[in-house]
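[1] Coordinates for the following, if possible.
(chains A and B)
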There are 2 protein chains.
Amino acid sequence: MDSSFSDNIRVLITGAAGCIGQILWKGLPEPMARIGLDLAGGAPSSVYTGDCTDAAVLDRVLRKTGPVDAIVHLAADPRVESPWAAVQGAGIDGTRQVLAAAVRHDVPRVVYASSNHVVGGYEADDPLPGQDGRPRLTAQAEPRPDSLYAVGKLAGEALGRYYAEQHGLRVVCLRIGSVRSHDDPTREERLRRTWLSHRDLAHLMVCSLRAAVDFGVYYGVSANAQRMWSLAHARADLGYAPDDNAAVHTA
Amino acid sequence: MDSSFSDNIRVLITGAAGCIGQILWKGLPEPMARIGLDLAGGAPSSVYTGDCTDAAVLDRVLRKTGPVDAIVHLAADPRVESPWAAVQGAGIDGTRQVLAAAVRHDVPRVVYASSNHVVGGYEADDPLPGQDGRPRLTAQAEPRPDSLYAVGKLAGEALGRYYAEQHGLRVVCLRIGSVRSHDDPTREERLRRTWLSHRDLAHLMVCSLRAAVDFGVYYGVSANAQRMWSLAHARADLGYAPDDNAAVHTA
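    Sure, this is the predicted structure:
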């Protein structure tokens, strides 16, 4: 962890009005100042309405807010069935615009919401990763995107790596598991493997905002006994210590 | 290798009028029927003029040509300094359109021209991969794109994997080294490591068109003693056996 970190930082959250955005808005520790940006706008007065794919919008928001310590980039069409135009636009181009804006405005760090679907192809395997003695997947496993949506997330990770190495941004990519507004892992079979609880999500985000890493890709999942994805790197690099486990959760 | 393969196949080459396209046009074995598509059009009457990012163009060409056995997808802005609009358009969207057209027209196989620049970030390291006992890079090494151009090529590889797994295409991605019209590896220092000779390029392409692999990513480089990238997988999976080595070449 970065010893210079305090919770008293200012964070711009794109996609603040979405499912994960709303959970983080409530779940991040109190002293952290939240500024939002969303196509939909939203109730809190600190959520700006605008489109991340528009550099002028990002410039306007970042000039108005004054210096921010990090951008949490969640904005995208969240559907695994996203049409290609949305993947290209809000997905790939939006991520590029946010990373470039961070560089322009001297924002030192971006946390990028990637997705577990970049390795969704492994879910066609039998046994699944993490079952019957098969090792869990690390972030270094070959990507197997299950959708155009997932292809867009891999492009976003690649953009993150490029901006980290060539432009000195710090970028953490989180391959987020299944976050549900109901936060109940007993409602769907797959959630026993893929659930990321609200409190683990908020904790993982704080860890990612603090981490002394220049670039990294990590899975975002609770400590579910049946998880397919390794938490070893997130524990070691980010200090992520999840509280929840779908296997011991009762509705 | 695929035992059903004969050299008597029909191949559509996008970007046929570009540097690599022209070398392949001359270098592929004689019985292989070449059909070209290029923004620039070109001298051979079998090169159509048109834009790969336009699905209607691809449909028209593939209807006119009749069944083809493979598409070799080279078309893109070839500059490492490509602006983002070109990466998004001719690069990422063009690749998506070509893969989707292959599925629509029952073309069983696509060979995609990726680039060594997807691991270009390693060239900032000392020692370089393949030098002073440091292992050469395999295609499984973490991507370190050195440019937006390289980010686009990683997106293309991800699209290839998606279409291979989810739509049953065969896709071979070649991370092509340095191909020069002069074909002389003594003219630039970096070529001692990165040169892919014209004859090795043509041979690698034939191997890729023959290979019994559903999806794979391989480096395209001659057997240069100082190469940074491993040829082990290309030798094993594709039967690639390069003739050239920049270290023993004299101008």
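[2] mind listing the strands for the stretch 151-251 of chain A?
    For the stretch 151-251 of chain A, the strands defined by DSSP state E, counting those that start in this stretch occupy A:170-176, A:215-220.
[3] Up against chain B, what does the stretch 151-251 of chain A have?
    A:151, A:154-155, A:158-159, A:161-162, A:165-166 (Cβ under 8 Å from any Cβ of the partner chain). (Glycine included, C-beta is placed from N, CA and C.)
[4] do that again at 10 Å, thanks
    Near chain B, the residues belonging to the stretch 151-251 of chain A are A:151-166, A:215, A:217 when assessed by Cβ under 10 Å from any Cβ of the partner chain.
[5] could you list every residue that touches the closest residue to A:Glu30 other than its chain neighbours?
    Setting aside the residues directly before and after it, A:Glu30 is nearest to A:Asp7 in space (Cβ to Cβ, 6 or more residues apart in numbering or on different chains), at 8.0 Å. Residues counted as contacts of A:Asp7 (Cβ atoms under 10 Å, 6 or more residues apart in numbering or on different chains) are A:28-32, A:206, A:209-210.
[6] swap in A:Leu99?
    Going by Cβ under 10 Å, 6+ apart, the list of residues near A:Leu99 reads A:71, A:73, A:107, A:110, A:112, A:156, A:159-160, A:162-164, A:167, A:169, A:171.
[7] Report pLDDT for it.
    pLDDT for A:Leu99: 98.
[8] Checking my notes, it in a strand, right?
    No: counting by DSSP: H, G, I helix; E, B strand; the rest coil, A:Leu99 is not part of a strand but helix.
[9] Could you double-check that A:Ala150 sits in contact with B:Tyr162?
    Yes: when contacts are counted by Cβ atoms under 10 Å, A:Ala150 is listed as touching B:Tyr162 (7.2 Å).
[10] which residues are common contacts for the two?
    Counting by Cβ under 10 Å, 6+ apart, the shared contacts of A:Ala150 and B:Tyr162 are A:120-121, A:143-144.
[11] ok, which pair from the residues you listed is furthest apart?
    Farthest apart among the shared contacts of A:Ala150 and B:Tyr162 by Cβ to Cβ are A:Gly120 and A:Pro143. That separation is 9.7 Å.
[12] Identify the contacts common to these two.
    A:150, B:162.
[13] which ones are touching A:Ser114?
    Shown in contact with A:Ser114 (Cβ under 10 Å, 6+ apart): A:73, A:95, A:139, A:150, A:152-154, A:156-157, A:160, A:172-176, A:217-220.
[14] typo on my end, A:His105
    If you count contacts by Cβ under 10 Å, 6+ apart, then A:His105 has A:12, A:58-59, A:61-63, A:65-68, A:71 around it.
[15] just A:Gly15 next, same as before
    A:21-22, A:24, A:36-40, A:52, A:72-78, A:90, A:94, A:113.
[16] Just the buried residues from the residues you listed, in PyMOL please.
    In PyMOL, this line selects whichever of the contacts of A:Gly15 come out buried by 16 or more other Cβ atoms under 10 Å in any protein chain shown:
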select buried, chain A and resi 21+22+24+36+37+38+39+52+72+73+74+75+76+77+78+90+94+113
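[17] Among the contacts of A:Gly15, which lie within helices?
    A:21-22, A:24, A:94 (DSSP state H).
[18] out of those, who's nearest B:Arg134?
    Checking the ones in helices among the contacts of A:Gly15 against B:Arg134 by Cβ to Cβ gives A:Gly94 as the nearest, at 37.2 Å.
[19] so the closest one touches A:Asp51, yeah?
    Yes: between A:Gly94 and A:Asp51 there is a contact under Cβ under 10 Å: 7.9 Å.
[20] who touches both of those two?
    Common neighbours of A:Gly94 and A:Asp51, using Cβ under 10 Å, 6+ apart, are A:14, A:58, A:75.
[21] which residues are in contact with the one helix or strand the second one maps to?
    To tie it back to what came earlier, the one meant is A:Leu58. A:Leu58 is part of helix A:55-65, with elements assigned from DSSP states H and E. Around helix A:55-65, the neighbours that count as contacts under Cβ under 10 Å, 6+ apart are A:10, A:12, A:14, A:33, A:35-37, A:46, A:48-52, A:54, A:68, A:71, A:94, A:96-98, A:100-102, A:104-107.
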